[in-house]
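Novice: Dropping the sequence and predicted coords here.
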Amino acid sequence: MLALIAGLALFHDPLHVQGNRLMEDGVDVHLRGAVAPGLESSEEGKNLYRTCRVLLEDWHANCVELPISQDRWLGKVAGQKNRGDDYKHEVDDIVNLLSRRKQYLIIQLAWSDAGAWGKNLAPHSAPDQNSLDFWKNLAHRYKGVEHVMFHLYGPSNVPLDIWQNGGDVEEGAFHYKSPGLQKLMAGIRSVGAKNVILVSPTDVLSPGAPSLSDSLGYCTVISVGPAHSGPDQCIVQDVSASAPLTPGISNWIAETMLPGVDSSLISDWAYTPTPWGQSVKDAMAR
């Protein structure tokens, strides 16, 4: 009997989506965290490591969302050295910080290039063909780190069939092909990564949004800001089941740990909470 109990103690059920629940080791996981920006727009995020520590230690968050750039990750930006290795090490530091504490990290592809490496760096309407190379590369690097989740892309503004299956995207002066989120997800799985995949809420909340297929499931985490519903209104959903959205576990990521922007949680780099930030900090402590 003692041997059996010891064996059971070694069993580990990794982070996954089950129905509309995010689960690990048979219990619900409630994500409550914030966005730590900077690496999407520069090679070095300002105070990024410290921001993550403040979120974990002082604000009692259990999750950080890290927006990054596909071009910087793969060393495609003019003047970048070491083929993006320095940039990757910046992300590695955050991965290691949260992994040591058994907390959760969401890596979001926030800036792409409209199909032209090293150019047009910005948050575009949809991922481009280069986004597939990015996700396969990043997923291979972190495929053994189960607390790292992959947010495929920021909110898009394209027809739902292109959102799912890809196609031509016209975005002002930019014209490029998007692979669609289904191919991005397939690319991640093709390198053996079983990490939970996240999809932007504006995508899955759109009327008639298609269901992406994935044998392991994936979910949506709602981003909240001062103009959004309060944190406790948020949900997680398994979109692989063609079911309407239903209230589930409270999973939310608040925007944003950067002073001076409309949705800022902090008013300075001493991490003084704004009124909005104080409400988020209080919610994390509950």
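Specialist: Looks like it arrived, so ask away. Numbers count the residues shown, from 1 in each chain.
Novice: Trp59 is in contact with Ala34, correct?
Specialist: Yes: proximity of Ala34 to Trp59 meets the contact threshold set by CB atoms under 8 Å, at 7.4 Å. Where you see a C-beta, it was placed from the backbone N, CA and C, and this is true even at glycine.
Novice: Please say which of the two ends up with more neighbours.
Specialist: Ala34 (28 against 24; other CB atoms under 10 Å).
Novice: so the more buried one is in which element?
Specialist: strand 32-35 (DSSP states H and E).
Novice: roughly how far is that strand from the heart of the chain?
Specialist: 10 Å (CA atoms, centre = their mean, to the nearest Å).
Novice: try stretch 179-192
Specialist: 15 Å.
Novice: sorry, back to before: could I have the strand holding Ala34 exported to CSV, CA atoms only?
Specialist: Provided in CSV are the C-alpha atoms of strand 32-35 (Å, rounded to 0.1, in the frame of the first residue of the first chain):
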residue,chain,number,x,y,z
ARG,A,32,-4.9,36.5,-12.3
GLY,A,33,-2.1,38.6,-13.7
ALA,A,34,-1.1,41.6,-15.8
VAL,A,35,0.6,42.5,-19.0
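Novice: Can you work out which residues contact both of Ala34 and Trp59?
Specialist: Val280 (CB atoms under 8 Å, 6 or more residues apart in numbering).
Novice: where along the stretch 151-286 of the chain do the helices fall?
Specialist: Under the criterion DSSP state H, counting those that start in this stretch, the stretch 151-286 of the chain contains helices at 160-165, 181-190, 201-204, 275-285.
Novice: Determine which stretch of these is the most buried.
Specialist: Scoring the helices of the stretch 151-286 of the chain by mean neighbour count under mean count of other CB atoms under 10 Å gives helix 181-190 as the most buried, with a mean of 20.
Novice: and that helix, what other elements does it pack with?
Specialist: helix 129-142, helix 160-165 (3 or more CB pairs under 8 Å, 6 or more residues apart in numbering; DSSP states H and E).
Novice: I'd guess Lys88 is in a strand, am I close?
Specialist: No: counting by DSSP: H, G, I helix; E, B strand; the rest coil, Lys88 is not found in a strand; it is helix.
Novice: Of the helices and strands packed on helix 181-190, which stretch is the most buried?
Specialist: Taking mean count of other CB under 10 Å, helix 129-142 is the most buried of these, at a mean of 20.
Novice: Could I get the CA-only coordinates of it as PDB?
Specialist: Extracted in PDB, the C-alpha atoms of helix 129-142 (Å, rounded to 0.1, in the frame of the first residue of the first chain):
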ATOM      1  CA  GLN A 129       3.600  33.900 -43.100                       C
ATOM      2  CA  ASN A 130       6.600  34.800 -41.000                       C
ATOM      3  CA  SER A 131       4.600  34.300 -37.900                       C
ATOM      4  CA  LEU A 132       4.600  30.500 -38.600                       C
ATOM      5  CA  ASP A 133       8.400  30.400 -38.500                       C
ATOM      6  CA  PHE A 134       8.300  32.400 -35.300                       C
ATOM      7  CA  TRP A 135       5.900  30.100 -33.500                       C
ATOM      8  CA  LYS A 136       7.600  26.900 -34.600                       C
ATOM      9  CA  ASN A 137      11.000  28.300 -33.300                       C
ATOM     10  CA  LEU A 138       9.600  29.600 -30.000                       C
ATOM     11  CA  ALA A 139       7.500  26.500 -29.400                       C
ATOM     12  CA  HIS A 140      10.500  24.300 -29.900                       C
ATOM     13  CA  ARG A 141      12.400  26.300 -27.300                       C
ATOM     14  CA  TYR A 142       9.700  26.100 -24.600                       C
END
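Novice: Can you name every helix or strand that it contacts?
Specialist: The contact analysis (3+ CB pairs under 8 Å, 6+ apart) places helix 129-142 against helix 70-73, strand 104-111, strand 148-151, strand 174-178, helix 181-190.
Novice: Can I get these in a markdown table including distance to Leu198 and mean pLDDT?
Specialist: A markdown table is the format used below for the helices and strands packed on helix 129-142 (distance: least, CB to CB, whole Å; pLDDT from 0 to 100):
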| stretch | distance to Leu198 | mean pLDDT |
| --- | --- | --- |
| helix 70-73 | 16 | 98 |
| strand 104-111 | 6 | 96 |
| strand 148-151 | 4 | 94 |
| strand 174-178 | 18 | 96 |
| helix 181-190 | 11 | 92 |
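Novice: of all those, which lies closest to Ala270?
Specialist: Smallest distance to Ala270 across the helices and strands packed on helix 129-142 (CB to CB): 24.3 Å, for strand 104-111.
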